[in-house]
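Trainee: Take this sequence and fold it.
(4 chains)
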Number of protein chains: 2
Amino acid sequence: MSTGATPTERPLRRDAARNRELLVEAAATVFAEQGLDAGVDEVARVAGVGVGTLYRRFPTKDALIDALVQDLLTSVVAAGREALARADGTGLESFLAYAAEHQARRRGCLPRLWAGDEVTEGLRREFRVVAAELLADAQAHGRVRGDLTSQDVSVVLWSIRGVIETTKDVAPDAWRRHLELLVIGLRPSDVRLSSPSLTADQAQRVTTPAPRPR
Amino acid sequence: MSTGATPTERPLRRDAARNRELLVEAAATVFAEQGLDAGVDEVARVAGVGVGTLYRRFPTKDALIDALVQDLLTSVVAAGREALARADGTGLESFLAYAAEHQARRRGCLPRLWAGDEVTEGLRREFRVVAAELLADAQAHGRVRGDLTSQDVSVVLWSIRGVIETTKDVAPDAWRRHLELLVIGLRPSDVRLSSPSLTADQAQRVTTPAPRPR
DNA sequence: AGAGAAGCGGAGGCGCGACTCCGCATCCGG
DNA sequence: CCGGATGCGGAGTCGCGCCTCCGCTTCTCT
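Mentor: Below is the predicted model of the structure:
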């Protein structure tokens, strides 16, 4: 605990704070439009600041991307907690919709959303916890199959990611119908599943690749 | 017609033909393990040839990737035709399984599978045709919802892509269970879908981005 | 077996993109 | 209203990865 990681280190001058916002916003836009290998200079240009400014606030391009990932994961986890509070079995479904919606909005950082980096790993852990609780709630109310695991919930979002990344700007809403079909598939049914779920261990390792190759 | 594009231009010396094979194989491996921005030199190294050899056979890195895409699309389309020949309504399901399986095997080129390049666009067109016919067959036998469109079939594969890319080496089979759930969702049901399908036009534009930006 | 075509390797060139540096501008407490 | 601290910009550096080039090797046809 103590003075964790993200907390305020010092107030940051007013203009500087504003520039930070501009940068994050610009990064979201640029990466969404051109993919993660858009140039850093382009992000700075769109934000209307110099590259120097960018690098003073984010020591590295990766750090900038991580900021986007943090934004996204934070609001998704928060939404999950909220949905969970209803405790009426409908939380899981609306959570999936919410999470999908936000993945679409912040599609720029999707390739890094589930792919490692210890900074954001804590948030992903929280995500897993919330997902498990939402699933338990939905199962308790008989709204989804009993043989689902919390890993299956993650997989749903990974699949939505595929749809979003493929349909990109042409049809930014294509994921909606897909999610509807998928949710129907999650409902209790007498069809047995023959393939095993991911284990909790595997699901965790998916989000934290090996040591430090990249 | 005439002497199309892919057909034999000249027999190619035996060792050269073998090297070409080695290169494609190496590319599949390397790109699968390290992603598409693995170095060209690495591919050559794994294939056991020099970069010069690689570039004599494939004028550009993109051309090498396209070769992988062609491989994949060709066998998927072929499998689709075969499944269609059964004409008993089960073709769609086994086609999806087959296509998913092959996407997993050739996961190195997934980011380019559905993303433009006029060379492979012809194959994607064939894919769309086969998918539509398989869907019609399945619907005629009452095995899937009547309100599905052939675009929905494509979307299923795009979503599988997301699962494969995310679970990568940790759990290369994770997509199986997901596909099972998805297929259940495709079955006829009394739940109405509230989101519209992609239009045929949109689905086509997804696979052929703008002019020549990139 | 010999000749010439076809193929091979890998050292470098070249361009692009992440990051650094430092003289100048802007903010804000007294 | 002034001075020092904080922040800014963008030209330049550096490394990396795609691709070229050319002297040598290997195949194949007679």
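
Trainee: To what extent is A:Gly39 buried, counted in neighbours?
Mentor: 12 (other CB atoms under 10 Å in any protein chain shown). Heads up, the C-betas are built off the backbone N, CA and C, glycines and all.

Trainee: now swap in A:Ala67 and tell me
Mentor: Using other CB under 10 Å as the criterion, the residues surrounding A:Ala67 number 20.

Trainee: List phi and psi for A:Leu113.
Mentor: Here is the backbone geometry of A:Leu113 (degrees, to the nearest 10): phi -60, psi -40.

Trainee: I meant A:Leu193, not that one.
Mentor: phi -90, psi 130.

Trainee: Which other helices and strands does the helix or strand containing A:Arg56 contact?
Mentor: For A:Arg56, the element it lies in under DSSP states H and E is helix A:51-57. With contacts taken as 3 or more CB pairs under 8 Å, 6 or more residues apart in numbering or on different chains; DSSP states H and E, helix A:51-57 sits against helix A:14-34, helix A:40-47.

Trainee: For the last one, buried residues please.
Mentor: Spelled out, that is helix A:40-47. A:Val40, A:Glu42, A:Val43, A:Ala44, A:Val46, A:Ala47 (16 or more other CB atoms under 10 Å in any protein chain shown).

Trainee: got it, and the longest one?
Mentor: Within helix A:14-34, the residues that qualify as buried by neighbour count (16+ other CB under 10 Å) are A:Asn19, A:Arg20, A:Leu22, A:Leu23, A:Val24, A:Ala26, A:Ala27, A:Ala28, A:Val30, A:Phe31, A:Ala32.

Trainee: What parts of chain A come near DNA strand C?
Mentor: Within chain A, the positions near DNA strand C by CB under 7 Å from any atom of the strand are A:13-15, A:37-41, A:51-52, A:55, A:59-62.

Trainee: tell me the two of those residues that are most distant?
Mentor: A:Arg14 and A:Asp37 (32.8 Å; CB to CB).

Trainee: show me the contacts for the nearest residue to A:His141 once chain neighbours are set aside.
Mentor: Setting aside the residues directly before and after it, A:His141 is nearest to A:Gly89 in space (CB to CB, 6 or more residues apart in numbering or on different chains), at 2.7 Å. For A:Gly89, the contacting residues are A:Asp137, A:Ala138, A:Ala140, A:His141, A:Gly142, A:Arg143, by CB atoms under 8 Å, 6 or more residues apart in numbering or on different chains.

Trainee: Now the helix holding A:Arg56: average pLDDT?
Mentor: Mean pLDDT, computed over helix A:51-57, is 95.

Trainee: How far does it sit from its chain's centre?
Mentor: 25 Å (CA atoms, centre = their mean, to the nearest Å).

Trainee: residues in contact with it?
Mentor: The contact list for helix A:51-57, computed with CB under 8 Å, 6+ apart, reads A:Ala16, A:Asn19, A:Arg20, A:Leu23, A:Val40, A:Asp41, A:Val43, A:Ala44, A:Ala47, A:Leu64.

Trainee: just curious, which of the residues you listed is nearest to DNA strand C?
Mentor: Minimum distance to DNA strand C across these is 3.5 Å, recorded for A:Val40 (CB to the nearest atom of the strand).

Trainee: quick one: the one residue in chain A that gets nearest to chain B from DNA strand C, how far?
Mentor: Closest residue of chain A to chain B, CB to the nearest CB: A:Gly162 (2.2 Å). Remark: distance between A:Gly162 and DNA strand C (CB to the nearest atom of the strand, to the nearest Å) = 24 Å.

Trainee: all helices of chain A, in order?
Mentor: A:14-34, A:40-47, A:51-57, A:61-86, A:91-105, A:110-113, A:118-140, A:150-167, A:174-186, A:200-206 (DSSP state H).

Trainee: which parts of stretch A:89-108 are buried?
Mentor: A:89, A:91-93, A:95-104, A:106-108.

Trainee: DNA strand D is nearest to which of the helices and strands packed on helix A:51-57?
Mentor: helix A:14-34 (3.8 Å).

Trainee: Nearest residue to the most centrally placed residue in chain A in space, ignoring adjacent ones along the chain?
Mentor: With distances taken as CA atoms, centre = their mean, A:Leu73 lies nearest the centre of chain A, 4.6 Å away. Spatially, and ignoring its direct neighbours in sequence, A:Leu73 is nearest to A:Leu123 (3.9 Å; CB to CB, 6+ apart).

Trainee: Can you pick out the most distant pair from the contacts of helix A:51-57?
Mentor: The span of the contacts of helix A:51-57, defined through CB to CB, is set by A:Ala16 and A:Asp41 at 19.9 Å.

Trainee: where's the residue nearest to the centre of chain A relative to A:Arg128, distance?
Mentor: Taking CB to CB, to the nearest Å as the measure, A:Leu73 falls 11 Å from A:Arg128.

Trainee: Show me what residue of chain A gets nearest to DNA strand D.
Mentor: Across chain A, the shortest distance to DNA strand D (CB to the nearest atom of the strand) belongs to A:Gly52, at 1.9 Å.

Trainee: what does chain A have sitting close to DNA strand D?
Mentor: A:12-13, A:15-16, A:19, A:48-53, A:55-57.

Trainee: A:Met188 - how many residues pack around it?
Mentor: Actually, residue A:188 is Pro rather than Met. Neighbour count for A:Pro188, taken as other CB under 10 Å: 12.

Trainee: quick one, what contacts it?
Mentor: Neighbouring residues of A:Pro188 by CB under 8 Å, 6+ apart: A:Gly142, A:Arg143, A:Val144, A:Arg145, A:Gly146.

Trainee: In PyMOL, select just the buried ones from those residues.
Mentor: For the buried members of the contacts of A:Pro188, the matching PyMOL selection, counting by 16+ other CB under 10 Å, is:
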select buried, chain A and resi 143+144+145
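
Trainee: could the contacts of A:Pro188 go into a markdown table alongside pLDDT?
Mentor: Listed next are the contacts of A:Pro188 as a markdown table, based on pLDDT from 0 to 100:
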| residue | pLDDT |
| --- | --- |
| A:Gly142 | 97 |
| A:Arg143 | 97 |
| A:Val144 | 98 |
| A:Arg145 | 98 |
| A:Gly146 | 98 |
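
Trainee: ok, so of the contacts of A:Pro188, who is nearest DNA strand C?
Mentor: After measuring those against DNA strand C - CB to the nearest atom of the strand - the closest member comes out as A:Val144, at 41.8 Å.

Trainee: was I right about the closest one contacting A:Ala136?
Mentor: No: look at A:Val144 against A:Ala136 with CB atoms under 8 Å: they stay out of range, at 10.3 Å.
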